[in-house]
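**Student:** here is the input, now give the coordinates:
(one chain, ligands or ions: 2)
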Amino acid sequence: MKSKILSFNLEILFLFGSCNLDSWFLVHMNLIKVQNLKKDYVNEDVVTSVLHGLNFQIDSGEFVAIMGPSGSGKSTLMHILSFLDRPTGGLYEFEGQNTKDFSDDYLAELRNERVGFVFQSFNLLARTSVLDNVKLPLIYSKKKDQDELAKKALESVGLSHRLEYFTNQISGGEKQRVAIARALVCDPAVIFADEPTGNLDSKSGNIVMEILQKLNNDGHTIILVTHEMDTANHAKRILRIKDGNIIADEQVLKRTIASPDKELVK
Ligand code: ADP
Ligand code: MG
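**Tutor:** Numbers count the residues shown, from 1 in each chain. Ligands and ions are numbered 1, 2, ... in the order given. As a prediction, the model looks like this:
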């Protein structure tokens, strides 16, 4: 197993303000870097070019929404960033390392230990308890006190009272919160959420965004895929993608902060 000691690109910035007594110390960790990233799907003789050479960087602690219309390549990009697929061209660096050099086994290990996933369709095991669903990613890890870790993750999404329920006995919003707890349980470097509010009503979607904002405030890096403007506005930065190209990369100036009295605008 490769060393867990991660080589971050550390960019340390000393910023001295106009007032001599004021100073800031900023540590900036580059988590994801893509350069000229391309993806072609090849089915028999047909080649479909989906990503056409993307360039961007995401640092630890960011909350980024990848936004674009259906078919623009959002899920394809997400699958590459989360090691479910490999690019067909360009560079993808994760925590300062070129992922091209990673074996399939090591990618599987990264998928299990360094990233968490939340999908539109929840992907939970039915007829299995909430607690056991959250414990699943721990099966391959050597972590101790797995029950405690899973309970703690469920507590952070407000579901301590549902531990023994089967996942077919809870609401859609609660299912997505279980999926978030499962994504969190291995303490990943980044949580990827692909249209996490897509199958939810406005109230449940709002709760999911509130939880993602809280996790980000606690230091978790979140990369969210959505085609909904209101959902994207909960992030701190929006990468807009259209027809496989990044067409804008902007900070969210008027950020929506989710609170219990709100609903998502769909
Ligand atoms: P989004 O998530 O933005 O809706 P996708 O990444 O799912 O977009 O798809 C982008 C494009 O790639 C679409 O035109 C889709 O049909 C195509 N595509 C996705 N997966 C495959 C595949 N396995 N083989 C061929 N084309 C694919
Ligand atoms: Mg998609």
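**Student:** shaky segments in the protein?
**Tutor:** The chain contains residues with pLDDT under 70 at 1-28.
**Student:** residue contacts, residue 48?
**Tutor:** Residues in contact with residue 48 (CB atoms under 8 Å, 6 or more residues apart in numbering) are 40, 41, 42. C-betas here are computed from N, CA, C, even on glycine.
**Student:** isn't there a helix covering it?
**Tutor:** No - in this structure, residue 48 is strand, not part of a helix, as judged by DSSP: H, G, I helix; E, B strand; the rest coil.
**Student:** begin at 11 from now on, thanks
**Tutor:** Got it, the first residue is 11 from now on, which makes the last one we talked about residue 58.
**Student:** what about the helices in the stretch 111-260 of the chain?
**Tutor:** Secondary structure of the stretch 111-260 of the chain (DSSP state H, counting those that start in this stretch): helices at 114-123, 140-145, 156-166, 182-194, 212-227, 239-242.
**Student:** so is stretch 256-266 next to ligand 1?
**Tutor:** No - judged by CB under 6 Å from any ligand atom, stretch 256-266 stays clear of ligand 1, getting no closer than 12.8 Å.
**Student:** only alpha carbons, please: show that stretch as CSV.
**Tutor:** Extracted C-alpha coordinates of stretch 256-266, given in CSV (Å, rounded to 0.1, in the frame of the first residue of the first chain):
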residue,chain,number,x,y,z
ILE,A,256,-15.5,25.3,-18.9
ILE,A,257,-17.2,28.5,-19.9
ALA,A,258,-16.9,30.4,-16.6
ASP,A,259,-15.2,30.0,-13.2
GLU,A,260,-16.5,32.4,-10.7
GLN,A,261,-16.9,33.1,-7.0
VAL,A,262,-20.5,33.2,-5.7
LEU,A,263,-21.0,36.8,-4.6
LYS,A,264,-24.5,36.6,-3.2
ARG,A,265,-24.3,33.1,-1.6
THR,A,266,-27.5,31.4,-0.4
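**Student:** distance between it and the chain's centre?
**Tutor:** Computed by CA atoms, centre = their mean, to the nearest Å, the chain-centroid distance of stretch 256-266 equals 17 Å.
**Student:** buried ones in that stretch, by neighbour count?
**Tutor:** Within stretch 256-266, the residues that count as buried by 16 or more other CB atoms under 10 Å are 256, 262, 266.
**Student:** between those residues, which is nearest ligand 1?
**Tutor:** The nearest member of the buried residues of stretch 256-266 to ligand 1, counting by CB to the nearest ligand atom, is residue 256 at 12.8 Å.
**Student:** tell me the residues of the stretch 61-210 of the chain that contact ligand 1?
**Tutor:** Within the stretch 61-210 of the chain, the residues that sit near ligand 1 (CB under 6 Å from any ligand atom) are 78, 80, 81, 82, 83, 84, 85, 86.
**Student:** how close does the closest residue to residue 200 other than its chain neighbours sit to ligand 2?
**Tutor:** Counting by CB to CB, 6 or more residues apart in numbering, residue 231 is the residue found nearest to residue 200 once chain neighbours are left out, at 4.3 Å. Counting by CB to the ion, to the nearest Å, the separation of residue 231 from ligand 2 is 20 Å.
**Student:** then residue 169?
**Tutor:** In this view, residue 169 and ligand 2 are 26 Å apart by CB to the ion.
**Student:** what's the answer for residue 195, then?
**Tutor:** For residue 195 relative to ligand 2 (CB to the ion), the value is 24 Å.
**Student:** ok, that residue touching residue 166?
**Tutor:** No - counting by CB atoms under 8 Å, residue 166 is not a contact partner of residue 195; they are 10.0 Å apart.
**Student:** okay, the two: which has more neighbours?
**Tutor:** Neighbours were counted for residue 195 and for residue 166 using other CB atoms under 10 Å; residue 195 has more, 25 against 18.
**Student:** which ones are touching that one?
**Tutor:** So residue 195 contacts 126, 144, 145, 147, 148, 159, 160, 163 (CB under 8 Å, 6+ apart).
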